[in-house]
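> Fold the following.
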Amino acid sequence: MADDNRDALQALSLGKPTEYVSTYAPELLQPVPRSLNRTPLGITHALPFAGHDVWQAFELSWLNPRGKPMVALAQVIFDANSTNIVESKSFKLYLNSFNQSTFASESEVAQVMERDLAAVVEGSVQIRLLPAHHANAFAIQALPGACLDELDIEVQTYTVDTELLKLSDHAATVAETVHSHLLKSNCLITNQPDWASVIIKYDGPQIDHAALLRYLISFRQHNEFHEQCVERIFVDMMHRCAPTQLAVQALYTRRGGLDISPMRYTPGYSPLPHLRTVRQ
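So this is what the prediction gives:
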(Lines give C-alpha, C1' and ligand atoms only; values in the text may rest on other atoms or scores of the structure.)
Protein backbone atom coordinates (compact mmCIF):
# COMPACT_ATOMS: atom_id res chain seq x y z
CA MET A 1 0.00 0.00 0.00
CA ALA A 2 1.37 3.42 -0.96
CA ASP A 3 2.25 5.79 1.89
CA ASP A 4 -0.41 8.36 0.92
CA ASN A 5 -3.08 5.64 0.87
CA ARG A 6 -1.93 4.33 4.25
CA ASP A 7 -2.00 7.83 5.73
CA ALA A 8 -5.52 8.42 4.42
CA LEU A 9 -6.79 5.22 6.01
CA GLN A 10 -4.99 5.76 9.33
CA ALA A 11 -6.68 9.15 9.66
CA LEU A 12 -10.13 7.54 9.78
CA SER A 13 -12.04 7.14 13.04
CA LEU A 14 -12.88 3.54 12.20
CA GLY A 15 -11.42 1.14 14.75
CA LYS A 16 -10.55 3.90 17.24
CA PRO A 17 -12.16 4.93 20.54
CA THR A 18 -14.85 7.48 19.81
CA GLU A 19 -16.68 10.24 21.66
CA TYR A 20 -20.37 10.14 20.72
CA VAL A 21 -21.73 13.57 19.84
CA SER A 22 -25.51 14.13 20.04
CA THR A 23 -25.75 17.60 18.52
CA TYR A 24 -25.51 18.26 14.80
CA ALA A 25 -21.89 17.93 13.67
CA PRO A 26 -21.34 17.54 9.91
CA GLU A 27 -17.58 17.71 10.46
CA LEU A 28 -17.77 14.12 11.73
CA LEU A 29 -18.17 12.83 8.18
CA GLN A 30 -14.94 11.41 6.74
CA PRO A 31 -14.26 10.83 3.02
CA VAL A 32 -12.38 7.85 1.60
CA PRO A 33 -11.10 8.40 -1.96
CA ARG A 34 -12.48 5.83 -4.39
CA SER A 35 -9.10 5.96 -6.14
CA LEU A 36 -7.52 3.99 -3.26
CA ASN A 37 -8.98 0.84 -4.77
CA ARG A 38 -9.45 1.82 -8.38
CA THR A 39 -5.84 2.62 -9.15
CA PRO A 40 -4.63 -0.92 -8.24
CA LEU A 41 -7.43 -2.28 -10.46
CA GLY A 42 -6.11 -0.27 -13.39
CA ILE A 43 -8.98 2.25 -13.32
CA THR A 44 -7.29 5.62 -13.67
CA HIS A 45 -9.45 7.56 -16.14
CA ALA A 46 -12.93 6.74 -17.50
CA LEU A 47 -14.84 4.25 -15.40
CA PRO A 48 -15.57 0.89 -17.08
CA PHE A 49 -18.92 0.77 -15.27
CA ALA A 50 -21.86 2.82 -14.14
CA GLY A 51 -23.41 2.31 -10.75
CA HIS A 52 -24.36 3.51 -7.32
CA ASP A 53 -24.19 2.59 -3.64
CA VAL A 54 -27.43 2.30 -1.67
CA TRP A 55 -27.09 2.92 2.06
CA GLN A 56 -30.09 2.29 4.30
CA ALA A 57 -30.09 3.74 7.80
CA PHE A 58 -32.31 2.51 10.63
CA GLU A 59 -31.11 4.79 13.44
CA LEU A 60 -32.07 8.36 12.52
CA SER A 61 -33.74 10.64 15.05
CA TRP A 62 -34.01 14.38 15.77
CA LEU A 63 -36.15 16.82 17.76
CA ASN A 64 -39.02 18.83 16.32
CA PRO A 65 -39.44 22.53 17.31
CA ARG A 66 -41.47 21.48 20.37
CA GLY A 67 -38.73 19.15 21.60
CA LYS A 68 -40.50 15.94 20.61
CA PRO A 69 -38.24 13.18 19.22
CA MET A 70 -38.88 12.18 15.63
CA VAL A 71 -37.62 9.02 13.94
CA ALA A 72 -37.30 7.94 10.33
CA LEU A 73 -35.67 5.42 8.03
CA ALA A 74 -33.24 6.84 5.50
CA GLN A 75 -32.21 5.60 2.08
CA VAL A 76 -29.13 7.32 0.67
CA ILE A 77 -27.91 6.70 -2.87
CA PHE A 78 -24.36 7.71 -3.84
CA ASP A 79 -23.35 7.85 -7.49
CA ALA A 80 -20.33 5.68 -8.36
CA ASN A 81 -18.84 8.69 -10.16
CA SER A 82 -18.39 10.57 -6.89
CA THR A 83 -14.80 11.26 -5.87
CA ASN A 84 -15.14 9.68 -2.43
CA ILE A 85 -17.16 7.25 -0.39
CA VAL A 86 -18.17 8.01 3.19
CA GLU A 87 -16.41 6.03 5.89
CA SER A 88 -19.24 4.07 7.50
CA LYS A 89 -18.43 4.70 11.17
CA SER A 90 -18.23 8.43 10.51
CA PHE A 91 -21.65 8.23 8.86
CA LYS A 92 -23.10 6.54 11.94
CA LEU A 93 -21.54 9.17 14.22
CA TYR A 94 -22.94 11.88 11.95
CA LEU A 95 -26.44 10.41 12.20
CA ASN A 96 -26.06 10.21 16.01
CA SER A 97 -25.36 13.93 16.02
CA PHE A 98 -28.94 14.60 14.94
CA ASN A 99 -30.33 13.02 18.12
CA GLN A 100 -30.51 16.17 20.26
CA SER A 101 -30.68 18.67 17.41
CA THR A 102 -33.83 20.56 16.43
CA PHE A 103 -35.07 20.66 12.85
CA ALA A 104 -38.21 22.32 11.57
CA SER A 105 -39.35 19.36 9.49
CA GLU A 106 -38.45 16.00 7.97
CA SER A 107 -37.78 17.74 4.65
CA GLU A 108 -35.22 19.99 6.34
CA VAL A 109 -33.44 16.92 7.72
CA ALA A 110 -33.32 15.42 4.22
CA GLN A 111 -32.00 18.66 2.72
CA VAL A 112 -29.30 18.97 5.36
CA MET A 113 -28.19 15.37 4.88
CA GLU A 114 -28.10 15.71 1.09
CA ARG A 115 -26.00 18.90 1.32
CA ASP A 116 -23.53 17.47 3.85
CA LEU A 117 -23.07 14.12 2.15
CA ALA A 118 -22.73 15.59 -1.34
CA ALA A 119 -19.97 17.88 -0.04
CA VAL A 120 -18.05 14.97 1.48
CA VAL A 121 -18.28 12.56 -1.46
CA GLU A 122 -17.95 15.33 -4.06
CA GLY A 123 -20.76 13.93 -6.14
CA SER A 124 -24.51 13.56 -6.41
CA VAL A 125 -26.53 12.14 -3.53
CA GLN A 126 -30.20 11.19 -3.34
CA ILE A 127 -31.99 11.08 0.03
CA ARG A 128 -35.32 9.48 0.84
CA LEU A 129 -36.76 9.49 4.37
CA LEU A 130 -39.55 7.09 5.30
CA PRO A 131 -41.61 6.79 8.49
CA ALA A 132 -40.38 4.14 10.90
CA HIS A 133 -43.88 2.62 11.04
CA HIS A 134 -43.92 2.03 7.26
CA ALA A 135 -44.25 -1.76 7.24
CA ASN A 136 -43.05 -2.22 3.65
CA ALA A 137 -40.50 0.59 3.52
CA PHE A 138 -37.56 -1.71 2.81
CA ALA A 139 -39.36 -4.90 1.83
CA ILE A 140 -37.49 -8.21 1.88
CA GLN A 141 -37.54 -10.01 -1.45
CA ALA A 142 -36.26 -13.25 -2.94
CA LEU A 143 -33.15 -12.80 -5.06
CA PRO A 144 -33.47 -13.36 -8.81
CA GLY A 145 -31.88 -16.16 -10.80
CA ALA A 146 -30.32 -19.47 -9.86
CA CYS A 147 -28.68 -19.85 -6.45
CA LEU A 148 -25.12 -21.17 -6.71
CA ASP A 149 -24.89 -22.24 -3.09
CA GLU A 150 -26.26 -25.76 -3.58
CA LEU A 151 -23.34 -26.73 -5.82
CA ASP A 152 -21.32 -29.54 -4.25
CA ILE A 153 -17.83 -28.13 -4.68
CA GLU A 154 -14.47 -28.52 -3.00
CA VAL A 155 -12.95 -25.24 -1.83
CA GLN A 156 -9.28 -24.65 -1.02
CA THR A 157 -8.78 -20.93 -1.64
CA TYR A 158 -9.86 -18.17 0.75
CA THR A 159 -7.86 -15.23 -0.61
CA VAL A 160 -8.96 -13.56 -3.82
CA ASP A 161 -7.86 -15.55 -6.85
CA THR A 162 -8.96 -14.19 -10.22
CA GLU A 163 -7.61 -17.29 -11.93
CA LEU A 164 -10.48 -19.30 -10.46
CA LEU A 165 -12.88 -17.67 -12.91
CA LYS A 166 -13.41 -19.53 -16.17
CA LEU A 167 -15.98 -20.09 -18.88
CA SER A 168 -18.17 -23.16 -19.10
CA ASP A 169 -17.02 -26.02 -21.31
CA HIS A 170 -20.18 -25.44 -23.31
CA ALA A 171 -19.89 -22.86 -26.07
CA ALA A 172 -23.31 -21.39 -25.38
CA THR A 173 -23.99 -17.68 -25.28
CA VAL A 174 -26.46 -16.92 -22.51
CA ALA A 175 -28.30 -14.16 -20.71
CA GLU A 176 -28.56 -15.29 -17.12
CA THR A 177 -28.77 -14.18 -13.51
CA VAL A 178 -27.24 -16.04 -10.58
CA HIS A 179 -26.80 -15.28 -6.91
CA SER A 180 -24.97 -16.49 -3.82
CA HIS A 181 -25.20 -15.84 -0.11
CA LEU A 182 -21.62 -17.01 0.51
CA LEU A 183 -19.76 -13.76 -0.11
CA LYS A 184 -17.74 -12.71 2.94
CA SER A 185 -14.99 -10.16 3.11
CA ASN A 186 -13.35 -8.28 5.99
CA CYS A 187 -13.28 -4.60 6.86
CA LEU A 188 -10.14 -2.99 5.52
CA ILE A 189 -9.44 -1.25 8.84
CA THR A 190 -10.87 -3.37 11.66
CA ASN A 191 -10.71 -6.82 10.04
CA GLN A 192 -14.27 -7.49 11.23
CA PRO A 193 -16.27 -9.82 8.95
CA ASP A 194 -18.64 -8.35 6.36
CA TRP A 195 -21.35 -10.72 5.13
CA ALA A 196 -23.20 -10.30 1.85
CA SER A 197 -25.42 -11.81 -0.76
CA VAL A 198 -24.31 -11.10 -4.32
CA ILE A 199 -26.34 -11.01 -7.54
CA ILE A 200 -24.65 -11.31 -10.93
CA LYS A 201 -26.49 -10.71 -14.21
CA TYR A 202 -24.68 -10.99 -17.52
CA ASP A 203 -24.97 -11.57 -21.26
CA GLY A 204 -22.20 -13.42 -23.09
CA PRO A 205 -20.28 -16.70 -23.01
CA GLN A 206 -21.60 -18.90 -20.22
CA ILE A 207 -19.53 -18.71 -17.06
CA ASP A 208 -18.74 -21.91 -15.20
CA HIS A 209 -20.98 -21.78 -12.11
CA ALA A 210 -18.70 -23.84 -9.86
CA ALA A 211 -15.74 -21.68 -10.82
CA LEU A 212 -17.71 -18.51 -10.13
CA LEU A 213 -18.77 -19.76 -6.70
CA ARG A 214 -15.17 -20.68 -5.80
CA TYR A 215 -14.09 -17.20 -6.89
CA LEU A 216 -16.73 -15.52 -4.70
CA ILE A 217 -15.74 -17.69 -1.73
CA SER A 218 -12.10 -16.67 -2.27
CA PHE A 219 -12.99 -13.24 -0.83
CA ARG A 220 -13.44 -14.90 2.58
CA GLN A 221 -10.17 -13.55 4.05
CA HIS A 222 -9.91 -10.50 1.79
CA ASN A 223 -9.79 -7.01 3.35
CA GLU A 224 -11.60 -4.27 1.42
CA PHE A 225 -14.57 -1.96 1.79
CA HIS A 226 -17.90 -3.10 0.34
CA GLU A 227 -17.75 -0.84 -2.69
CA GLN A 228 -14.21 -1.95 -3.47
CA CYS A 229 -15.15 -5.64 -3.41
CA VAL A 230 -17.97 -5.13 -5.91
CA GLU A 231 -15.73 -3.18 -8.26
CA ARG A 232 -13.08 -5.88 -8.02
CA ILE A 233 -15.63 -8.58 -8.88
CA PHE A 234 -16.85 -6.55 -11.86
CA VAL A 235 -13.35 -5.91 -13.21
CA ASP A 236 -12.19 -9.50 -12.67
CA MET A 237 -15.24 -10.95 -14.42
CA MET A 238 -14.89 -8.60 -17.38
CA HIS A 239 -11.21 -9.47 -17.70
CA ARG A 240 -11.51 -13.23 -17.31
CA CYS A 241 -14.92 -13.97 -18.85
CA ALA A 242 -15.49 -11.08 -21.28
CA PRO A 243 -19.28 -10.82 -21.03
CA THR A 244 -20.87 -8.34 -23.40
CA GLN A 245 -22.95 -6.96 -20.52
CA LEU A 246 -22.50 -7.36 -16.77
CA ALA A 247 -24.14 -6.21 -13.54
CA VAL A 248 -22.88 -7.01 -10.03
CA GLN A 249 -24.75 -6.12 -6.86
CA ALA A 250 -23.78 -7.02 -3.29
CA LEU A 251 -26.26 -6.73 -0.42
CA TYR A 252 -24.20 -6.44 2.76
CA THR A 253 -25.63 -7.37 6.14
CA ARG A 254 -26.54 -4.45 8.38
CA ARG A 255 -23.94 -3.26 10.89
CA GLY A 256 -24.32 -0.34 13.28
CA GLY A 257 -27.77 0.49 11.96
CA LEU A 258 -26.57 0.69 8.34
CA ASP A 259 -26.72 -1.70 5.42
CA ILE A 260 -24.75 -0.99 2.25
CA SER A 261 -25.52 -2.36 -1.21
CA PRO A 262 -23.14 -1.33 -4.02
CA MET A 263 -24.01 -2.08 -7.65
CA ARG A 264 -21.86 -1.75 -10.77
CA TYR A 265 -22.96 -2.47 -14.32
CA THR A 266 -21.91 -2.04 -17.93
CA PRO A 267 -22.96 1.43 -19.18
CA GLY A 268 -26.21 1.06 -21.08
CA TYR A 269 -27.06 -2.28 -19.47
CA SER A 270 -30.28 -2.52 -17.50
CA PRO A 271 -29.27 -2.33 -13.82
CA LEU A 272 -30.59 -4.72 -11.21
CA PRO A 273 -33.42 -3.42 -9.03
CA HIS A 274 -32.40 -2.63 -5.47
CA LEU A 275 -33.42 -5.54 -3.26
CA ARG A 276 -33.14 -6.26 0.45
CA THR A 277 -32.42 -9.66 1.99
CA VAL A 278 -33.57 -11.14 5.28
CA ARG A 279 -29.99 -10.77 6.59
CA GLN A 280 -30.18 -7.01 6.15
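> So which residues of the stretch 1-150 of the chain form strands?
Using DSSP state E, counting those that start in this stretch, the strands found in the stretch 1-150 of the chain span residues 31-33, 50-63, 69-79, 84-86, 125-131, 146-147.
> what are the pairing partners of the first one, and which direction each?
On the basis of DSSP bridges, the sheet neighbours of strand 31-33 come out as strand 84-86 (antiparallel).
> Distance from the partner strand to the middle of the chain?
11 Å (CA atoms, centre = their mean, to the nearest Å).
> same question, stretch 96-106
The answer for stretch 96-106 is 26 Å, by CA atoms, centre = their mean.
> Quick one: mean pLDDT for that stretch?
Confidence over stretch 96-106, taken as the mean pLDDT, stands at 97.
> Which positions in that stretch come out as buried?
96-99, 101, 103 (16 or more other CB atoms under 10 Å). (Each C-beta comes from the backbone N, C-alpha and C, glycine too.)
> and if you look at stretch 189-200?
Of all the residues in stretch 189-200, those buried under the rule 16+ other CB under 10 Å are 189, 194-200.
> Format these as TSV; extra columns: secondary structure and distance to Val112.
TSV is the format used below for the buried residues of stretch 189-200 (DSSP: H, G, I helix; E, B strand; the rest coil; distance: CB to CB, whole Å):
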residue	secondary structure	distance to Val112
Ile189	coil	27
Asp194	strand	29
Trp195	strand	32
Ala196	strand	30
Ser197	strand	32
Val198	strand	33
Ile199	strand	33
Ile200	strand	37
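> so what are the domain limits for this structure?
Structurally, the chain divides into domains by automatic domain parsing as follows: 3-131, 146-265.
> highest average neighbour count across those domains?
domain 146-265 (a mean of 19; mean count of other CB atoms under 10 Å).
> chain center to that domain, what's the gap?
Taking the mean of its C-alpha atoms, domain 146-265 sits 13 Å from the chain's own mean (CA atoms, centre = their mean).
> so for that domain, what's the average pLDDT?
The average pLDDT for domain 146-265 rounds to 96.
> Over to that domain now: how far is its first residue from its last?
End-to-end distance of domain 146-265: 19 Å, with CA to CA, to the nearest Å as the criterion.
> ditto for stretch 128-138
Distances were taken as CA to CA; on that basis the terminal residues of stretch 128-138 are 12 Å apart.
> Adding distance to Leu272, write the domains of the chain out as a markdown table.
Supplementary listing: these in a markdown table, determined by distance: least, CB to CB, whole Å:
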| stretch | distance to Leu272 |
| --- | --- |
| domain 3-131 | 10 |
| domain 146-265 | 5 |
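> my guess is Glu106 contacts Leu129, does it?
Yes. Here Glu106 lies in contact with Leu129, judged by CB atoms under 8 Å, at a distance of 5.5 Å.
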